[in-house]
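Trainee: build me a model from this:
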Amino acid sequence: MSISFLNGDYMPLEEARISPLDRGFLFGDGIYEVIPYYKGKSVGLMPHIERMINGLAAIEIKCTKTADEWKELLDDLVARNESMGDNLGVYVHVSRGADVKRYHPYPEGVEPTVFCFCFNIKDPEPVDRTKVTQYSLVSTEDLRWQRCHIKSTALLGNVIHFQEGYSSGADEALLYNANGELTEGSSCNAFIVKDGIIATPIQDNQILPGITRRIILDSLKADGSLQVEERTITMDEVRDADEIWITSSSKEIAPVTKLDGKPVGDGSVGEIWEKAFAIYTASKYDF
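Mentor: Residues are numbered from 1 along each chain as shown. Okay, the predicted model is just below:
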């Protein structure tokens with residue numbers, strides 16, 4: 001049974017309740033994070049917390065918890081849920097809170113709703129390109145809002161794009177802007193590899209500042225054995241890539257072997273993925 005946290009109290013997940021006037025429910029007015037823990041060890045915990053605090057500030061939700069207080073809360077929640085298994089994801093959700101009416105402007109004097117719970121996640125993938133799970137994608141124009149750098153709970157645009165991929169039998173949707181430039185996936189960041197060089201779109205308002213993306217870039221640059229670039233990437237480059245990866249806290253670095261029904265590169269998981277994933281795996285608990 002999952003133990004959740006809601007506004008200062010721990011309780012079984014099925015007993016957690018919020019007001020129907022909560023602005024997270026009415027407007028998607030909130031910020032969230034998903035943080036993986038493997039055998040009690042977190043990946044990117046403080047960067048996740050920092051991103052959440054920045055997101056709350058960006059939409060002017062006044063939550064007074066410090067980074068250290070968040071860390072203490074989430075570590076404690078994982079410890080309370082240790083009976084669920086070794087590998088847990090923690091979902092953290094902070095909405096603006098419940099007002100007495102439905103009204104668009106930010107209300108005054110409303111306490112944020114803080115909700116967290118644990119769920120099971122799978123074991124990390126093996127660092128072996130013959131055994132790792134392979135992904136299939138479809139590409140589609142990015143029709144979401146222009147503030148994708150904020151990890152908002154208002155995810156309908158992402159959900160619609162993800163459903164496009166799901167309905168067509170793919171695992172994800174890969175998105176591009178009106179200029180035909182790669183942005184990201186509906187629930188992940190994206191990388192390509194060509195002639196041994198790794199590239200990912202530059203960080204701007206079109207993409208989420210992914211924590212896994214950040215760990216990959218930092219660990220690869222620190223290692224120095226693989227060349228990595230942050231730059232504009234056209235969809236022509238994507239379709240001509242030797243390798244495509246999608247990255248997130250739940251997927252880590254997932255190799256894509258099919259895009260729009262066609263093989264990526266030679267249709268198998270690439271050697272650069274295996275090298276990069278080994279570097280990431282060796283350092284992911286350092287963040």
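
Trainee: next up, the contacts around the residue most central in space within the chain.
Mentor: Central residue of the chain (C-alpha atoms, centre = their mean): S248, 4.5 Å from the mean position. Contact analysis of S248 by C-beta atoms under 8 Å, 6 or more residues apart in numbering lists 187-189, 210, 212, 254. Backbone N, C-alpha and C define where each C-beta goes, glycine included.

Trainee: export the residues you listed as CSV, with columns for distance to G169 and secondary structure.
Mentor: Compiled in CSV, those are given as follows (distance: C-beta to C-beta, whole Å; DSSP: H, G, I helix; E, B strand; the rest coil):
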residue, distance to G169, secondary structure
S187, 17, coil
C188, 18, coil
N189, 23, strand
G210, 25, coil
T212, 25, helix
A254, 17, strand
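
Trainee: how about the secondary structure of I150?
Mentor: Following DSSP: H, G, I helix; E, B strand; the rest coil, we place I150 in the coil state.

Trainee: report how many residues lie close to it.
Mentor: For I150, the neighbour count with other C-beta atoms under 10 Å is 17.

Trainee: just the pLDDT for the residue nearest to the centre of the chain.
Mentor: Note for S248: predicted pLDDT of 98.

Trainee: enumerate the beta-bridge partners assigned to it.
Mentor: E252 (DSSP bridges).

Trainee: next one: it from N54, what distance?
Mentor: 18 Å (C-beta to C-beta, to the nearest Å).

Trainee: what do you get for D9?
Mentor: Taking C-beta to C-beta, one finds D9 at 27 Å from N54.

Trainee: who's more crowded, these two?
Mentor: Neighbour count, other C-beta under 10 Å: between D9 and N54, N54 has more, with 14 against 9.

Trainee: wait, a helix at that one?
Mentor: Yes. Looking at N54 with three-state DSSP, it is inside a helix.

Trainee: wait, isn't S2 in contact with L13?
Mentor: Yes. Applying C-beta atoms under 8 Å as the test, S2 and L13 come out as touching, 4.2 Å apart.

Trainee: identify the contacts common to the two.
Mentor: Common neighbours of S2 and L13 are listed as F117 (criterion: C-beta under 8 Å, 6+ apart).

Trainee: ok, the contacts of S248 vs A154, which is closest?
Mentor: Closest approach between the contacts of S248 and A154, by C-beta to C-beta: S187, at 14.1 Å.

Trainee: show me the helices in the stretch 101-250 of the chain, by range?
Mentor: 156-167, 211-223, 235-239 (DSSP state H, counting those that start in this stretch).

Trainee: let me have these in CSV, adding mean neighbour count, mean pLDDT and distance to P112 as columns.
Mentor: As requested, the helices of the stretch 101-250 of the chain are arranged in CSV below (neighbours: other C-beta atoms under 10 Å; pLDDT from 0 to 100; distance: least, C-beta to C-beta, whole Å):
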stretch, mean neighbour count, mean pLDDT, distance to P112
helix 156-167, 16, 97, 22
helix 211-223, 19, 98, 22
helix 235-239, 16, 98, 39
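
Trainee: include distance to K101 when you put those helices into CSV, please.
Mentor: Below are the helices of the stretch 101-250 of the chain laid out as CSV (distance: least, C-beta to C-beta, whole Å):
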stretch, distance to K101
helix 156-167, 23
helix 211-223, 36
helix 235-239, 45
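
Trainee: so which of those gets nearest K122?
Mentor: Nearest to K122 among those is helix 211-223 (15.1 Å), distances taken as C-beta to C-beta.

Trainee: check which helices and strands that closest one is in contact with.
Mentor: Here helix 211-223 touches helix 45-58, strand 189-194, strand 197-200, strand 227-230, strand 243-248, strand 252-259, helix 271-283, going by 3 or more C-beta pairs under 8 Å, 6 or more residues apart in numbering; DSSP states H and E.
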